[in-house]
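Trainee: pasting the sequence and the predicted coordinates here, then a few questions.
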Amino acid sequence: MNNTNGQGTLLCFEDEEGIARAAAEAAGYSLAVIERHRFPDGEMRLRLPADLPARVVLWRGLQQPNEKLVEVLLAAQTARTLGARHLTLVSPYLAYMRQDIAFNPGEAISQRIVGGFLAGLFDAIITMDPHLHRVATLHEAMPVKDAIALSGAPLLADHIASQRRQPLLMGPDEEAMQWVALAAKRHGWDHAVCRKTRHGDRDVDIELPGLPVAGRAVVLMDDVASSGHTLARAAVKLRAAGAASVDVAVTHALFAQGAVQLVRGSGVGEIWSTDCISHPSNAVSIVPEVVRSLQGLDIGIG
C-alpha cells in the first residue's frame, strides 16, 4: 500500500488499479490500493492507509454493483475516521440509475434510493454519461454539492472522426438521442435515432428512421451496451437497408456474456468504447476529463 501525501490520496481496489493510477499521477495524488479480505461466509474486511490527508478520492465503478455498494460504504466511512474531510467518489459507471419512477405499483425507485445513499457518503460525485431520462441533472438523483456528469460522446466522436469519413451517427433507440446529438454536433455530422419497442430484456423490435442510409458509413452510438440485442437488431436493419458499414461506439462497455459475438454476428465491424469499464474495445480514455473535474472542485479545506 503506497504512502499518502499532502496533495491528496486516490483510493481504489485492485481490479481498477490501472486506470486509477493513471488518474492519480495526472492529478498529482498518491495512490493507495484498498486491501480486501473475503471471509468464508462472503463478508469482507477492508484495510485503508492508517492515515489519510484531508482530500481523498475513491475510484469505484459500479458495474455489477451489489457487492461494490457495500465496499463503497465501508471504504467511505472508514476514510472519514482516518482523516478525510472532503471525499469524492469517481464512479465512471453508476448503477441503479434507470429505475427513476415506479413503473408498476410497489416497485422500488432505485435511482432515488441509491442516489441518496451515495450522497450521504460523499461531498462530490463524478461520473460519465449517467442513465438519466426523467430527471434533468445528476444533482436531482444525487443531492451532493458537486454532482458532475461528464460525457464520453465527444471523446468517442473524435475517435470516430479519425476512423470514418462523414459518418451517419445513429442511436439504437430514442433514449440515445442526447449522446448522438452531442457527438454529431461536434463534427457537423448527420444523426438520427431508431424507434425501439421492448418486449423483454432480450426481446426488442427496431424501426429505422426515415433518413437514407444506403451506401453510408453508419456508427451506432449509445451510453451502454449490455446484452447487445438492441444494437444487433439495429445493425441487421441498417445492413438490410444498404449501409456500407456499421460500427458501434459506446461509453460503457458492459457487454454481458455472448453480447460481443451477437453484435459482431449482426454485421457490425468495429466496436469502440471508453475505458469507463475495462474491455478489449476500449479506444479512448476518460482520465483527462476526470482529472480536470477533480482539479476544478472547490473543496473548501486548507
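Mentor: Now that the structure is in, tell me what you want to look at.
Trainee: quick one: least confident helix or strand in the chain?
Mentor: Using mean pLDDT, DSSP states H and E, strand 195-200 stands out as the lowest-scoring helix or strand of the chain, at a mean of 71.
Trainee: in the stretch 101-250 of the chain, which spans are helices?
Mentor: For the stretch 101-250 of the chain, the helices defined by DSSP state H, counting those that start in this stretch occupy 110-119, 138-141, 153-163, 177-187, 229-240.
Trainee: average pLDDT across the one helix or strand Ala24 maps to?
Mentor: Assigned by DSSP states H and E, Ala24 belongs to helix 17-27. What helix 17-27 shows for mean pLDDT is 98.
Trainee: name the residues of that helix that are buried.
Mentor: Ile19, Ala20, Arg21, Ala22, Ala23, Ala24, Ala27 (16 or more other Cβ atoms under 10 Å). All C-beta atoms are positioned from the backbone trio N, CA, C, and that covers glycine.
Trainee: so which elements touch that helix?
Mentor: Secondary-structure packing of helix 17-27 (3 or more Cβ pairs under 8 Å, 6 or more residues apart in numbering; DSSP states H and E): strand 9-12, strand 30-33, strand 55-59, helix 287-296.
Trainee: with just CA atoms, put the third one into CSV.
Mentor: Only the C-alpha atoms of strand 55-59 are listed here, as CSV (Å, rounded to 0.1, in the frame of the first residue of the first chain):
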residue,chain,number,x,y,z
ARG,A,55,-8.7,15.4,0.5
VAL,A,56,-9.5,11.8,-0.6
VAL,A,57,-10.9,10.4,-3.8
LEU,A,58,-12.4,6.9,-4.1
TRP,A,59,-12.4,5.4,-7.6
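Trainee: now the angle between helix 287-296 and it, please.
Mentor: 150 degrees (axes from the mean of the first three to the mean of the last three Cα atoms, to 10 degrees).
Trainee: neighbouring contacts of the longest helix along the chain?
Mentor: With secondary structure taken from DSSP state H, the chain has its longest helix at helix 65-81. Residues from elsewhere that reach helix 65-81 (Cβ atoms under 8 Å, 6 or more residues apart in numbering): 11, 13, 34, 36, 44, 46, 48, 52, 56, 58, 60-62, 87, 89, 95-96, 114, 117-118, 121-122.
Trainee: Ser266 contacts Thr230, doesn't it?
Mentor: No: between Ser266 and Thr230 there is no contact under Cβ atoms under 8 Å: 10.6 Å.
Trainee: ok, these two, which is more surrounded?
Mentor: The residue with more neighbours, out of Ser266 and Thr230, is Thr230; 26 against 20, by other Cβ atoms under 10 Å.
Trainee: nearest spatial neighbour of that one, skipping sequence neighbours?
Mentor: Spatially, and ignoring its direct neighbours in sequence, Thr230 is nearest to Pro172 (4.6 Å; Cβ to Cβ, 6 or more residues apart in numbering).
Trainee: tell me the pLDDT of that neighbour.
Mentor: 90.
Trainee: distance of it relative to Val219?
Mentor: 11 Å (Cβ to Cβ, to the nearest Å).
Trainee: residues touching the residue sitting nearest the centre point of the chain, list them.
Mentor: Nearest residue to the geometric centre of the chain (Cα atoms, centre = their mean): Tyr93, 3.3 Å. By Cβ under 8 Å, 6+ apart, the contact list for Tyr93 reads Gly61, Leu62, Gln63, Thr127, Met128, His252, Leu254, Cys276, Ile277.
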